[in-house]
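Peer 1: Sequence and predicted structure below; questions after.
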Amino acid sequence: MITKETARQIYNCHQQIEEIGKIKSEMCEEVEKARERAEKDQRPIAENESSFGKYGKGMQLGVPDGICSSMRIFNISPEIAIQVMDEQVEVLKKRLQELKAIAKIELEANDK
């Protein structure tokens, strides 16, 4: 049997990969909507209807700092955000391969 800790780590990796996929998909949809609105809107200053429009806030990158505050960088471009998400998915997939090997060792140890 694999340990609870190994099972927890496997679950966490899968859950994070799933969440990244959802965030990436939603972000891409919003960016596309903002681009379509910007093309249609001929006014000199477009109304900000989303976080990704001409004057939107974009993505944020944060580092937790204590209980209730954090340090953040604002206006991260969608292109950079996608690169970060893609790299994190690759890191998580590599970690899953390591955890697969650990789980196999744990299972084999129980068979003896």
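Peer 2: Alright, I've got the coordinates.

Peer 1: Now do the contacts for the most centrally placed residue in the chain.
Peer 2: In the chain, the residue lying closest to the centroid (CA atoms, centre = their mean) is Ile20, at 3.3 Å. Residues near Ile20 by CB atoms under 8 Å, 6 or more residues apart in numbering: Met85, Gln88, Val89, Leu92. Where C-beta positions appear, they are placed from N, C-alpha and C, glycine not excepted.

Peer 1: For it, give its distance to Val89.
Peer 2: Using CB to CB, to the nearest Å, Ile20 is found at 6 Å from Val89.

Peer 1: on that earlier part again, from Ala101, how far out is the residue nearest to the centre of the chain?
Peer 2: 23 Å.

Peer 1: repeat for Lys112
Peer 2: With distances taken as CB to CB, Lys112 is found 17 Å from Ala101.

Peer 1: for Glu36, same thing?
Peer 2: In terms of CB to CB, Glu36 sits 46 Å off from Ala101.

Peer 1: and Phe74, what helix or strand is that in?
Peer 2: Assigned by DSSP states H and E, Phe74 belongs to strand 69-76.

Peer 1: which helices and strands does that strand pack with?
Peer 2: Counting contacts by 3 or more CB pairs under 8 Å, 6 or more residues apart in numbering; DSSP states H and E, strand 69-76 is packed against strand 59-65.

Peer 1: Describe which strands the strand it packs on pairs with in its sheet and in which direction.
Peer 2: strand 69-76 (antiparallel) (DSSP bridges).
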